[in-house]
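[1] From the sequence below, what's the structure:
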Amino acid sequence: MAKIFQVSARAGMTRVVEPIARALLRAGVTPNAVTVAGTVGVLIGALGFGARGHLVAGALIVTVFALTDLLDGTMARMSGGSTRFGAFLDSSMDRVADSAVFGAVAYWLATQGDHSGVAAALLCLAAGGLVSYVKARAEGLGMTCNVGIAERTERLLIVGVGGILTGVGVKPALEIALWLLAAISIFTVGQRMAHVYRQAQQLQPDGQA
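    The predicted structure is shown next:
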């Protein structure tokens, strides 16, 4: 099943960020520095704004800085490819940022007495972490796992749109977005596990279960 945002859309965004990536590299900025800066920006948007109920500002800040995930990858490719530490740092900072976003959303919903929304936010946090873990574990075992309807970019955009709509007065939008995101995240986990299972079946010696 195709991802929510098709490869062509991602390629279009890459063309947009390439001039920025080149400029940063010429200025001596490293991909790792962009990774850390992007995470700090997401933390500011999530904890400094979103958790305090400034949903529109928080969602916009998180979205802008989350796009550095594409920027640092483009910079790494232009400079000869990502290092092992760079890949490790990028994955680690993604988990920090995701935890901040959904933790901030859960906190704000708790202050509003929205217990259903809190449950959805916590489920999104757990399922999103599992989506990433399944891929990392599969790749650690020598298999591929680049499948799934909702990867990190899709997940952050969905919760961001929900936050913006709630911030401008469409009150149920954030909770609806969270439950939708929880459902597609769980579905993505299933997709990835099925994909890895098929690979494992093909790789195992004949006669072994």
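[2] quick one: the helices in this protein?
    Using DSSP state H, the helices of the chain run over 7-26, 31-43, 55-66, 68-78, 84-111, 115-140, 152-167, 173-203.
[3] I'd like these as TSV, with distance to Phe49 appended.
    Heads up, the C-betas are built off the backbone N, CA and C, glycines and all. Shown next, in TSV, are the helices of the chain (distance: least, Cβ to Cβ, whole Å):
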stretch	distance to Phe49
helix 7-26	24
helix 31-43	10
helix 55-66	3
helix 68-78	17
helix 84-111	8
helix 115-140	16
helix 152-167	10
helix 173-203	14
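[4] Mind telling me which of those helices the model trusts least?
    Lowest mean pLDDT within these: helix 7-26, at a mean of 77.
[5] And the residue nearest the centre of this protein?
    Arg152 (2.4 Å; Cα atoms, centre = their mean).
[6] Isn't that residue up against Cys124?
    No - at 11.9 Å, Arg152 does not count as touching Cys124 under the criterion of Cβ atoms under 8 Å.
[7] about what we covered before: share the number of residues neighbouring the nearest residue to the residue nearest to the centre of the chain once chain neighbours are set aside, please.
    Once flanking residues are discounted, Arg152 sits nearest to Asp94: 6.2 Å by Cβ to Cβ, 6 or more residues apart in numbering. Asp94 sits with 20 neighbouring residues when counted by other Cβ atoms under 10 Å.
[8] residues touching Asp94, list them.
    Taking Cβ atoms under 8 Å, 6 or more residues apart in numbering, we find Asp94 in contact with Thr39, Asp69, Ser132, Arg152.
[9] and the nearest residue to Ser79 once chain neighbours are set aside, how far is that from Phe85?
    Nearest residue to Ser79, sequence neighbours excluded (Cβ to Cβ, 6+ apart): Leu25, at 6.0 Å. Separation of Leu25 from Phe85 (Cβ to Cβ, to the nearest Å): 18 Å.
[10] what about those two, which has more around it?
    Ranked by neighbour count (other Cβ under 10 Å), Leu25 and Phe85 place Leu25 first, with 17 against 9.
[11] how much space between that one and Ser185?
    34 Å.
[12] cool, Val159 as well?
    11 Å.
[13] So for the two, which residues contact both of them?
    By Cβ under 8 Å, 6+ apart, the residues touching both Val159 and Ser185 are Cys124.
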